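Engineer: Whatever this is, show me its structure:
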Amino acid sequence: MIKPLLACVLLTVPTVPLLRAQAPSEGSTKPATEPGIPVTDPLTLSKCGGCHTKDDKGNLSRISWERTTPEGWQEAIKRMGRLNGVTLSQSDSRAILKYLATYHGLAPEEAKPVMFLAEHRAIDEKEAPAELQGTCNYCHAYSRALSWRRPKSDWLMLENMHMAQFITSETAFRHSFFLGLAGSDHDAAEPGEVAAEYLGKTVPLQTPEWSAWRARLRAPRLAGKWLIKASAPGRGKFYGELTIEQGASEEEFKTSVKLKSASDDSVLTRTGQSIVYAGYAWRGRSKGAVGANAPVDDLNREAREALWISPDQNTAEGRWYWGDYQEFGYDVTLMRASPEPTIYGVNVSALKTGSKGAQVRLFVDALPAKVSVADLDLGAGIKVNRIVSSGSGEIVAEVDVAPDAVFGKRDARFGRSTLPNAIAVYDHLDYIKVTPQTALAHLGSETHPKGFQQFEAIGYNRGADGKPQTADDVELGPVDVNWSVEEFYAVFGDDDKGFVGRLSPTALFIPASDGPNPERKFMRNNYGDVWVVATSKTEKDSFGKPVVGKAYLVVTVPTYMKWDQPEVNP
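Structural biologist: Below you'll find the predicted structure:
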């Protein structure tokens, strides 16, 4: 009984984290185990060198052994102010951030897998490896660790900082210490040591990608005309032009965009500004003309922009987003305009076999004055009968689809320009996938904002193997459905459907107020879980019933405390 009692007593007494002996302190001059990245910026040396000591190779302690995203460096700068009293003017802070994010940043190939963090996408992340479960992954997404590059010694110092600031992290990193007092194996490696060893090998400071990018790194040369493709969940596809103008410095830009809806003739215009870090990391803001009483999902609202620019600076992809939970936005793809005709969009995602006289609207930049049927090729089994109209960057073509056309995606080709996987050919809609398939919405009121959720119904064909839900299934794009909410029965007498909120005709879920609600049993809050159901208006299954898809939605309480969100946008 003595050992368990001793362990219990120790666990209930406030402890001072036992820092690792091998981990040097912030200003230590202890030799590093591997070469650092010298700091050469005079402003960074001046403002950071007071605490971060400089060695004879130009390295600053800690800083020279870390690389991360613009968001990571901004968070570190803010932490220096909060914890260590560092005061920086806005201009100095921005200049230091530009330098660190560029010359102590990530290579494009390292940044791309973790771009969803900067884009504020809600995704089902790959499960963290066993070495990080219960330590880093206990509080952070696995990709949060992957967005930093450090040697093992610096990962250990990061653990020390966590244990000094967050008392529960000591248990996470060192819990084998306490278990050892209770009779466990004293020689077992501590979880924090295992995590640092794994990260030091998986995301080290020096990598081939970083070495190659340091040699290729150049200022962004982005001014000019770009073609843009954007899709807003629940609102469809948009195509248009983005004009980029040089700003006050070589990393800053001004933008103006004109987007045309693929489903109608509506036009959106936006203007904005951006900063590009490390030659590829675009962070910006833009907005259109939005009224004072505009709905929360108005596509003209001010949005933050996070884009990944290809190393050749000819394409880009990312997200424009807004909302208290960053739940609204566009998925965006950019392509530098060319003097040659370029096809970059179509208004339909799929065509059914046997279709006659279907009209397809194609978006083509640098469109010639005359367009003929011979200029256009939509793939095997799709015959272009005639050009209905052309001009203003658009072609409307009338097409037939052969009854025996092979299922699958077709490239659209105009002249020498090709748009890969532009149109799918199918014979039957076999199932509907409602996206996101698992979703989260937040209740709210005047005190705490609501967290909305937008759904889409995406159709699929079974593909060449004739079996649905397999790798060769053909995505058909959004389908026309009726939306509804059904009870997800978790307990006897479940009544969540009537209280959690409502679903609009465009599949925007609008949560209820946070309550408590006197109309619910025990005056419960309006939380709960439901099915969001999409029922096809036209397609039937093998039993003659409408094809149906479902998504699981949890409607939970507001996020009462929001942690500091790094701002790196202009």
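Engineer: Any idea how many residues pack against residue 342?
Structural biologist: 22 (other Cβ atoms under 10 Å). All C-beta spots, glycine's among them, are computed from the backbone N, C-alpha and C.
Engineer: Residue 457: which element?
Structural biologist: Using DSSP states H and E, residue 457 maps to strand 456-461.
Engineer: Whichever helix or strand comes after that strand pairs with which strands?
Structural biologist: Once the chain leaves strand 456-461, the next helix or strand it forms, by DSSP H and E, is strand 474-478. Applying DSSP bridges, strand 474-478 is found paired with strand 456-461 (antiparallel).
Engineer: So what touches the partner strand?
Structural biologist: Strand 456-461 is contacted by residues 233-234, 350, 407, 424, 426-435, 468, 473-479, 481, 483, 507, 534, 536, 539, 547, 549 when judged by Cβ atoms under 8 Å, 6 or more residues apart in numbering.
Engineer: Output it as PDB, restricted to C-alpha atoms.
Structural biologist: Once non-C-alpha atoms are left out, strand 456-461 reads as follows in PDB (Å, rounded to 0.1, in the frame of the first residue of the first chain):
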ATOM      1  CA  GLU A 456     -23.200  19.300 -50.500                       C
ATOM      2  CA  ALA A 457     -24.600  16.200 -52.200                       C
ATOM      3  CA  ILE A 458     -22.000  14.600 -54.500                       C
ATOM      4  CA  GLY A 459     -23.100  11.900 -56.900                       C
ATOM      5  CA  TYR A 460     -21.100   8.800 -57.800                       C
ATOM      6  CA  ASN A 461     -21.200   6.200 -60.500                       C
END
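Engineer: sec struct for residue 173, please.
Structural biologist: helix (DSSP: H, G, I helix; E, B strand; the rest coil).
Engineer: tell me the contacts of the closest residue to it other than its chain neighbours?
Structural biologist: Nearest residue to residue 173 in three dimensions, chain neighbours excluded: residue 192, at 3.1 Å (Cβ to Cβ, 6 or more residues apart in numbering). Going by Cβ under 8 Å, 6+ apart, residue 192 touches 135, 156, 159, 172, 173, 174.
Engineer: Can you show me the strands along the stretch 51-200 of the chain?
Structural biologist: 67-68, 148-149 (DSSP state E, counting those that start in this stretch).
Engineer: and residue 365, how many residues sit next to it?
Structural biologist: Residue 365: 23 neighbours (other Cβ under 10 Å).
Engineer: And the pLDDT for the residue nearest the centre of the chain?
Structural biologist: Compute the mean C-alpha point of the chain, and by Cα atoms, centre = their mean the closest residue is residue 116, 2.6 Å away. Note for residue 116: predicted pLDDT of 94.
Engineer: Likewise for the one 10 residues further on?
Structural biologist: Among the per-residue scores, residue 126 holds a pLDDT of 78.
Engineer: what about it, how many neighbours?
Structural biologist: Residues within reach of residue 126, counting by other Cβ under 10 Å, total 10.
Engineer: Distance check, it against residue 112.
Structural biologist: Distance of residue 126 to residue 112, given as Cβ to Cβ, to the nearest Å: 14 Å.
Engineer: Then residue 202?
Structural biologist: 16 Å.
Engineer: next one: residue 346
Structural biologist: Noted for residue 346: a distance of 26 Å to residue 112, by Cβ to Cβ.
Engineer: Between those two, which is the more surrounded one?
Structural biologist: Between residue 346 and residue 112, counted using other Cβ under 10 Å, residue 346 has the larger neighbour count: 21 against 14.
Engineer: Appreciated, that's everything.
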